[in-house]
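# coordinates for the following, if possible.
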Amino acid sequence: MKKTKSPSASASPEASTSMNRRSFLALSGAVGASVMVPGWSWAGSQSVAGIGGVTVPPSYVYDDEADPVVVRLIDEGKVQEVNQILCSWKKNSQPLPAGLPDYLHDFIEEARQLPSWADMDKLNAADKFNQDRGTYLGVAYGFVSGMMSTVIPHEARAVYYSKGGADMKRRISRTAKFGYDIGSMGGFHNPNAEMVVTAVKTRLAHAGVRHLLPQSPHWQGTADQPKPISQRDILVTWHSLPTSVMRALDQWGVRVSDSQANAFLHSWQVAAHMLGVRDEYIPADWDGAYAQAPQILDPVLAPTPEGIKLAHILLDLAAEVDGGVLTRPMMESFTRYFLGDQIAEWLEIPRHPIQDQGLAYSWPYFVTMKEYGLYMPGSSQFYWACDEMLRQGAMWYLAEGQEINIEIPDMNNPNYS
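All right, here's what the predicted structure looks like:
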């Protein structure tokens, strides 16, 4: 697929008309608190909303629908009860269980609806893309996106000091479920799939972290924002996934047709909407994504003490998942190869010259052979079956044989309370 970069749009007089009163007050409060607002000039005309002018900067825009619902749950002491009730809600088409507070029930019923612009043909085509390229996606999600998260400062700190940071294996299993479900056949539109449920529960969990983490003095001591997980933060993580994956596939010489690339992007566009990202921030196409990523993702990558610690926890867990087949040094070589020397040095990952060179030599050959294999009848189904066994094995290990349920947090990391 040919990838082109669109120039960032310059500011226009229409910008002021797109800023609502609540966003203006949030921005004014941030400036008054001497918090630097990152630059933003991405045009809303490049979004799925297709609005004109420059959109409101997303740094201090959060989730006006989910946040008050979860704050009320926490204030009323209902989080544990609600988490227990929602354990039984798993499938896309499944009715909500009885016993939820009315205000939560109403929010979820609205939040579980796919956007009006969701395209079933593209979502079906994304299934075929996932089937053909599942191996690459697994590697990219793990070593490109997963390890990249540790050099995204806002994300690393939010994970480290929130409740999930106290049990990283459990925390990673929840993240892995998101990747597993979006890559499953019919993840969003199959009634028996689970991606809709996973997205809504993740959105609720984000709202919990937004409310609780500002109460952590440890997070406050490192934070440069009033609350975590802004719309900008979600977009940063979003670009570490589909945009970075497509960049990686291009670097690896994987030839992806425009139709499959667009279908893959569409599945992640829907995911962003289901996570509560405003449509005016979601890129409408790859040109829009490649115009936004240099503003959103690329400039923020940097090491932090929290991120370095998380990276080494992830490397240890990754080695354990493979049951000793791939050692910790091999995982370090994978990280260096897929993310480059600079990020590897930031994360204090040692060099292994023979392994590093061997991987750099062999990976392109592996990709070439796998791509040629797609021309053989039945290869897509065979590849998918092999990938699915690996994915399910990894999920089983991370969850320790238990069902994975994404929950609303009711506390921060108790080790840093």
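# what does the model give the closest residue to Trp252 other than its chain neighbours for pLDDT?
Once flanking residues are discounted, Trp252 sits nearest to Val367: 5.0 Å by CB to CB, 6 or more residues apart in numbering. The way it works is simple: take the backbone N, C-alpha and C, and place the C-beta from them, glycine included. According to the prediction, Val367 has pLDDT 87.
# contacts for stretch 84-104?
Residues outside stretch 84-104 that contact it (CB atoms under 8 Å, 6 or more residues apart in numbering) are 69, 72-73, 76, 78, 81-82, 105, 108-109, 112, 188-197, 201, 403, 405, 407.
# hmm, try it at 7 Å
Here stretch 84-104 makes contact (CB atoms under 7 Å, 6 or more residues apart in numbering) with 69, 72-73, 78, 82, 105, 108-109, 190-197, 201, 405.
# swap in stretch 66-82?
100-101, 103-104, 107, 203-204, 207-208, 210-211, 276, 408, 410.
# try 6 Å
103-104, 107, 203-204, 207-208, 211, 276, 408, 410 (CB atoms under 6 Å, 6 or more residues apart in numbering).
# quick revisit: helices - which of the contacts of stretch 84-104 land there?
Mapping those onto helices (DSSP state H) picks out 69, 72-73, 82, 105, 108-109, 195-197, 201.
# if we can go back for a sec, the contacts of stretch 66-82 in helices, which ones?
Using DSSP H, the contacts of stretch 66-82 in helices are 103-104, 107, 203-204, 207-208, 211.
# which residue is the nearest non-sequential neighbour of Thr237?
Per CB to CB, 6+ apart, closest to Thr237 is Glu155, 5.9 Å.
# separation between that neighbour and Leu310?
9 Å (CB to CB, to the nearest Å).
# in TSV: the contacts of stretch 66-82, plus pLDDT and neighbour count.
Putting those into TSV (pLDDT from 0 to 100; neighbours: other CB atoms under 10 Å) gives the following:
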residue	pLDDT	neighbour count
Tyr103	98	12
Leu104	98	20
Phe107	98	21
Arg203	98	24
Leu204	98	28
Ala207	98	26
Gly208	98	24
His211	97	20
Gly276	98	23
Ile408	97	25
Asp410	95	16
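# and those residues, which two are furthest apart?
Using CB to CB, the contacts of stretch 66-82 span at most 20.2 Å, a distance reached by Gly276 and Asp410.
# isn't there a strand covering Asp233?
No - according to DSSP: H, G, I helix; E, B strand; the rest coil, Asp233 belongs to no strand; its state is helix.
# buried subset of the contacts of stretch 84-104?
69, 73, 78, 82, 108, 190, 193-197, 201, 405 (16 or more other CB atoms under 10 Å).
# Ala223: which of the contacts of stretch 66-82 is nearest?
His211 (14.4 Å).
# tell me the spacing between the closest residue to the closest one other than its chain neighbours and Asn130.
Excluding its sequence neighbours, the residue lying closest to His211 (CB to CB, 6+ apart) is Val71, at 5.2 Å. Between Val71 and Asn130 the distance is 36 Å, computed by CB to CB.
# which one of these two has more residues nearby?
Asn130 (21 against 15; other CB atoms under 10 Å).
# from what I can see that one touches Gly183, true?
Yes - judged on CB atoms under 6 Å, Asn130 makes contact with Gly183 at a distance of 4.7 Å.
# I figured Thr304 hits His154, correct?
No - in this structure, Thr304 is not within contact of His154 by CB under 6 Å, at 9.4 Å.
# quick revisit: the residue nearest to Trp252: neighbour count?
16.
# with Asp285 instead?
For Asp285, using other CB under 10 Å, the count is 17.
# pLDDT value on it, please?
97.
# gap between it and Arg232?
20 Å.
# would you list every one of the helices in the stretch 301-417 of the chain?
Ranges of helices in the stretch 301-417 of the chain, per DSSP state H, counting those that start in this stretch, are 305-321, 328-339, 341-346, 353-373, 379-398.
# would you turn these into JSON lines with distance to Asn262?
Listed next are the helices of the stretch 301-417 of the chain as JSON lines, based on distance: least, CB to CB, whole Å:
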{"stretch": "helix 305-321", "distance to Asn262": "31"}
{"stretch": "helix 328-339", "distance to Asn262": "24"}
{"stretch": "helix 341-346", "distance to Asn262": "29"}
{"stretch": "helix 353-373", "distance to Asn262": "20"}
{"stretch": "helix 379-398", "distance to Asn262": "19"}
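# most tightly surrounded among those?
Among the helices of the stretch 301-417 of the chain, ranked by average contacts under mean count of other CB atoms under 10 Å, first place goes to helix 328-339 (a mean of 21).
# what's the angle between it and helix 353-373?
Following axes from the mean of the first three to the mean of the last three CA atoms, to 10 degrees, one obtains 60 degrees for the angle between helix 328-339 and helix 353-373.
# now do helix 328-339: everything it contacts.
With CB under 6 Å, 6+ apart, helix 328-339 has contacts from 143-144, 147, 315, 318-319, 344, 349, 352, 355-356, 359-360.
# for the stretch 201-350 of the chain, which residues score under the pLDDT cut-off?
321-326 (pLDDT under 70).
# thinking again about what came up before, right, and the pair among the buried ones among the contacts of stretch 84-104 with maximum separation?
Lys78 and Asn190 (31.2 Å).
# give me phi/psi at Pro115?
Dihedral pair for Pro115: phi -60, psi 150, per degrees, to the nearest 10.
# right, and it touches His273 too?
Yes - using CB under 6 Å, Pro115 makes contact with His273 at a distance of 4.6 Å.
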